[in-house]
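1. Sequence unavailable; structure follows:
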């Protein structure tokens, strides 16, 4: 039977009645902007990751951008990033005027190759942004060691890695990185519809990002209202704190609102059970597909726990497999086409040796993988893959 529209999508957002009830409470409260729920989400997320500070934002891109700004990246600086990632990883330092230098990946985990990282460092190198691709944490010990030896800042791109851990510490709470950036868009492990978060153990970075996320204004609207109440609500104080503020920096409108934060709090309470389901599905996929000579399945590195955001398989028959799945009503996708081959970066990057990245890009295919897949759908995906080369 040939399907024209995929009835098993790669991703399927999951929002239940508890989320709807949380939204109902926010709407009834009369406070929809950044306020008490945003503050609660930040505190709860910081506690979950083990970080000292968490700052809620409108997207993972905003998280990366403001982290780069807070650390002072600018013209003349080079920031090392993998080419095998979403555009935001490279765009963020580019927004600041810095130049990106693309680093190759390891063939097993598809995360940054520390050896190639060290080979690409120059006197202009300022920072490195490793990406926990698919939810698999990078070789952070080696990356930190290289960064320390060359005086580089480390910002973790954890857009895929919410719920993952490295040597027993949750991603987001790793002390040797200056900041860790999360994405909460509609398809991520923890979704707020769209949103992001920066975690850090550095109070100066947290403070800088808080100012930059609200147009460079020294106090946000909810803070001015709260301070009015703290001062007894006299007419003079109430008037001043309702409207008066000062702008100290050229900032942005990257504040998360309480609508998104209320969704985030609900989804965070379910994250561990969601990750557990992802791990179970990954184990089933691995068990059923690992023996296939023509297909390579992802596996965890020793000492880490992947967040299992993606299940990317690799095969030299990628395009044919994708068409086969599509004909059976099963969606698939490619994460990612390398950034150094994209028109915007191709001219900037020049001649560059990223052999593993380019080989992987020709083979990679993301198959359906999300906690809302039921067992029958998982089995259907497996049967479709097994059937591909059996004829």
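-> Okay, I see it. Remember, it's a predicted structure, so these values are computed and weren't measured experimentally.

2. can you list the domains in the chain?
-> Domains of the chain are assigned by automatic domain parsing as 17-269, 271-388.

3. So residue 83 sits against residue 356, correct?
-> No - in this structure, residue 83 is not within contact of residue 356 by Cβ atoms under 8 Å, at 10.1 Å. For glycine as for every other residue, the C-beta is placed from the backbone atoms N, C-alpha and C.

4. Need the residues touching each of these two.
-> Here residue 83 and residue 356 have 104-105 as joint contacts, going by Cβ atoms under 8 Å, 6 or more residues apart in numbering.

5. rewinding a little: out of the domains of the chain, which comes closest to residue 9?
-> Closest of these to residue 9 is domain 271-388, at 4.9 Å (criterion: Cβ to Cβ).

6. what about that closest one, distance to the chain center?
-> 17 Å (Cα atoms, centre = their mean, to the nearest Å).

7. how long is that domain end to end?
-> 34 Å (Cα to Cα, to the nearest Å).

8. Go through stretch 252-272 and flag the buried ones.
-> 252, 254-268, 271 (16 or more other Cβ atoms under 10 Å).

9. which regions of the chain lie under the pLDDT threshold?
-> The model of the chain has pLDDT under 70 over residues 1-6, 221, 223-242, 349, 391.

10. redo that, cut-off 80
-> For the chain, the stretches with pLDDT under 80 are 1-6, 218-243, 349-351, 390-391.

11. can you tell me which helix in it is longest?
-> In the chain, assigned by DSSP state H, the helix with the most residues is helix 271-289.

12. which ones are touching the residue minimising distance to the centre of the chain?
-> Geometric centre of the chain, nearest residue: residue 159, 0.6 Å, by Cα atoms, centre = their mean. Residue 159 sits next to 60, 86, 88, 131-132, 181-183, 188 when contact means Cβ under 8 Å, 6+ apart.

13. before we move on, what about residue 370?
-> Residue 370 sits in contact with 10-12, 14, 187, 278, where contact means Cβ under 8 Å, 6+ apart.

14. for those residues, which one is nearest residue 363?
-> residue 10 (17.0 Å).

15. ranges for the strands of the chain?
-> Ranges of strands in the chain, per DSSP state E, are 53-57, 78-82, 99-103, 125-128, 153-157, 165-166, 169-170, 179-183, 196-200, 304-305, 312-314, 364-366.

16. Need those in a markdown table (columns: mean neighbour count).
-> Formatted as a markdown table, the strands of the chain follow (neighbours: other Cβ atoms under 10 Å):
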| stretch | mean neighbour count |
| --- | --- |
| strand 53-57 | 27 |
| strand 78-82 | 26 |
| strand 99-103 | 23 |
| strand 125-128 | 23 |
| strand 153-157 | 25 |
| strand 165-166 | 22 |
| strand 169-170 | 18 |
| strand 179-183 | 30 |
| strand 196-200 | 29 |
| strand 304-305 | 22 |
| strand 312-314 | 21 |
| strand 364-366 | 21 |
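
17. Now render those as CSV, adding distance to residue 287.
-> Below are the strands of the chain laid out as CSV (distance: least, Cβ to Cβ, whole Å):
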stretch, distance to residue 287
strand 53-57, 37
strand 78-82, 29
strand 99-103, 33
strand 125-128, 36
strand 153-157, 30
strand 165-166, 23
strand 169-170, 27
strand 179-183, 30
strand 196-200, 34
strand 304-305, 18
strand 312-314, 14
strand 364-366, 19
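
18. Quick check: which of the ones you listed is nearest to residue 352?
-> Per Cβ to Cβ, nearest to residue 352 of those: strand 99-103, 5.9 Å.

19. Counting by contacts, list what the closest one packs against.
-> strand 78-82, helix 87-95, helix 114-120, helix 343-349 (3 or more Cβ pairs under 8 Å, 6 or more residues apart in numbering; DSSP states H and E).

20. Between its first and last residues, how far does stretch 145-160 reach?
-> 23 Å.

21. just how off-centre is it within its chain?
-> On Cα atoms, centre = their mean, the centre of stretch 145-160 falls 16 Å from the chain's centre.

22. Make 603 the first number, not 1, from now on.
-> All set: I'll call the first residue 603, so the last point we hit is now stretch 747-762.

23. Now do stretch 915-923: everything it contacts.
-> By Cβ under 8 Å, 6+ apart, stretch 915-923 touches 891, 896-900, 934, 936, 962, 964-969, 987, 990-991.

24. related to what we said a few turns ago, now, among the contacts of residue 761, which is nearest to residue 718?
-> Nearest member of the contacts of residue 761 to residue 718, counting by Cβ to Cβ, is residue 733, at 13.7 Å.

25. distance of that closest one from residue 889?
-> 27 Å (Cβ to Cβ, to the nearest Å).

26. higher neighbour count, these two?
-> Comparing residue 733 with residue 889 by neighbour count (other Cβ atoms under 10 Å), the higher total belongs to residue 733, at 27 against 11.

27. Bridged to the more buried one, which residues?
-> residue 759 (DSSP bridges).

28. check contacts around it.
-> 683-684, 686-687, 691, 713-714, 740, 759, 761-762.

29. Make JSON lines out of those and add distance to residue 675.
-> JSON lines is the format used below for these (distance: Cβ to Cβ, whole Å):
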{"residue": "683", "distance to residue 675": "12"}
{"residue": "684", "distance to residue 675": "17"}
{"residue": "686", "distance to residue 675": "21"}
{"residue": "687", "distance to residue 675": "17"}
{"residue": "691", "distance to residue 675": "13"}
{"residue": "713", "distance to residue 675": "22"}
{"residue": "714", "distance to residue 675": "18"}
{"residue": "740", "distance to residue 675": "20"}
{"residue": "759", "distance to residue 675": "14"}
{"residue": "761", "distance to residue 675": "19"}
{"residue": "762", "distance to residue 675": "23"}
